[in-house]
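How does the following fold in three dimensions:
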Amino acid sequence: MRHPIETVSADGVKITAYRFVEKRQVARVIPAGGAANGAPLTHVISEATLIHQIGVELSGGSLLLEPGALQYHHGRIQSEIQRHEPGKGFLSRAVASAGTGESAFATKFSGTGTLWAEPSRKYFILGNMDAGDDLLLDDRAFYACTGGISLSTHRHASVAGILSGNGFLQPKLSGRGAFVVESPVPVEEIDVIELKNGEAVVDGDFVLMFSASLDVAIGPLVTGLRNALRSGEGLVYKFRGTGNIWVMPTARVS
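From the prediction side, this is the model:
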């Protein structure tokens, strides 16, 4: 059974994140002791794993969904393909798509009814944004947004960004409405760094998203090639200004 976790609403669209709890049988070998024939003692236990799903109620509004994410919908819902950054040509969109990991297109659903996206073992982070609160996302983090938000591509001015693991292009959300991003960790494991005319340095692999109002340079932690190799940190994000940074401290923990 689905259990609702969180809900956001905007412009005739209600988005809810749900959680399933899946029980599976797992055989574990206990090293201490053994069976009568000398074989290792084995216990079969039940482990709970989490599956998440997005459900959407449309009441005259519209939703942009990552291509291929639809499971089913019912009601009076119309669908169409919408390309991001319609003013750009095919080659420009293809380059941006390759650089950000996001598709150059999304599926737009409009009307009245219920829509379900495909279940995932990743986590969904839901939020609302106002005009002027533009966000830059980690590669492949975009999942869905309401019709008042547009998805485009941001180019980092830093030349070092070309060598970054996240590339020099990032998805950018602009406008007003509700949005959903995918995350490898749950929302309770995300730290929010609030900068007020301040500075922060973060390994790019741990950044989920950040305010587009921040000035950011992507480069080595320290100056000089030899010092950069000695630091072991590789390339990092160097933030400056006023805005928020959403950091995933446990992203690499298995």
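
need the contact list for Gly68.
Neighbouring residues of Gly68 by Cβ atoms under 8 Å, 6 or more residues apart in numbering: Glu118. For glycine as for every other residue, the C-beta is placed from the backbone atoms N, C-alpha and C.

Hmm, His3 is touching Arg19, no?
Yes. Counting by Cβ atoms under 8 Å, His3 touches Arg19, with 4.9 Å between them.

Who has more neighbours out of these two?
Legend: neighbour count by other Cβ atoms under 10 Å for His3 and Arg19, higher for Arg19 (17 against 9).

so how far is Ile77 from that one?
25 Å (Cβ to Cβ, to the nearest Å).

cool, and Ser152?
Look at Ser152 and Ile77: by Cβ to Cβ, they are 25 Å apart.

again with Ile190
32 Å.

Count residues in the vicinity of the nearest residue to Asp191 once chain neighbours are set aside, would you?
Leaving aside its chain neighbours, Asp191 sits nearest to Val247 (4.6 Å; criterion: Cβ to Cβ, 6 or more residues apart in numbering). When neighbours are counted by other Cβ under 10 Å, Val247 registers 20.

residue contacts, Val247?
190-193, 202, 206-208.

which ones among those are found in strands?
When these are checked against strands (DSSP state E), the matches are 191-193, 202, 207-208.

ok, those vs Ile125, which is closest?
Leu208 (7.3 Å; Cβ to Cβ).

Please read off the pLDDT at the closest one from the model.
Listed pLDDT for Leu208 reads 95.

and it, what does it touch?
With Cβ under 8 Å, 6+ apart, Leu208 has these contacts: 125, 137-138, 141, 181, 183, 190, 246-248.

ranges for the helices of the stretch 1-150 of the chain?
90-100 (DSSP state H, counting those that start in this stretch).

Show me where it dips below the pLDDT cut-off.
23-48, 84-105 (pLDDT under 70).

Strands along that one, start to end?
3-10, 13-34, 40-65, 70-83, 105-117, 123-129, 135-137, 142-146, 149-155 (DSSP state E, counting those that start in this stretch).

So which of the ones you listed is the most surrounded?
Ranked by mean neighbour count, the strands of the stretch 1-150 of the chain are led by strand 142-146 with a mean of 26 (mean count of other Cβ atoms under 10 Å).

can you list contacts of that strand?
Strand 142-146 has contacts (Cβ under 8 Å, 6+ apart) with 10-11, 13, 15, 54, 56, 61-66, 69, 102, 117, 124, 151, 171, 173, 177-182.

Apply 7 Å and report the result again.
Residues outside strand 142-146 that contact it (Cβ atoms under 7 Å, 6 or more residues apart in numbering) are 10-11, 13, 15, 54, 61-66, 69, 102, 124, 151, 171, 173, 177-182.

ok, that strand: who's next to it in the sheet?
Using DSSP bridges, the strands paired with strand 142-146 are strand 40-65 (antiparallel), strand 177-183 (antiparallel).
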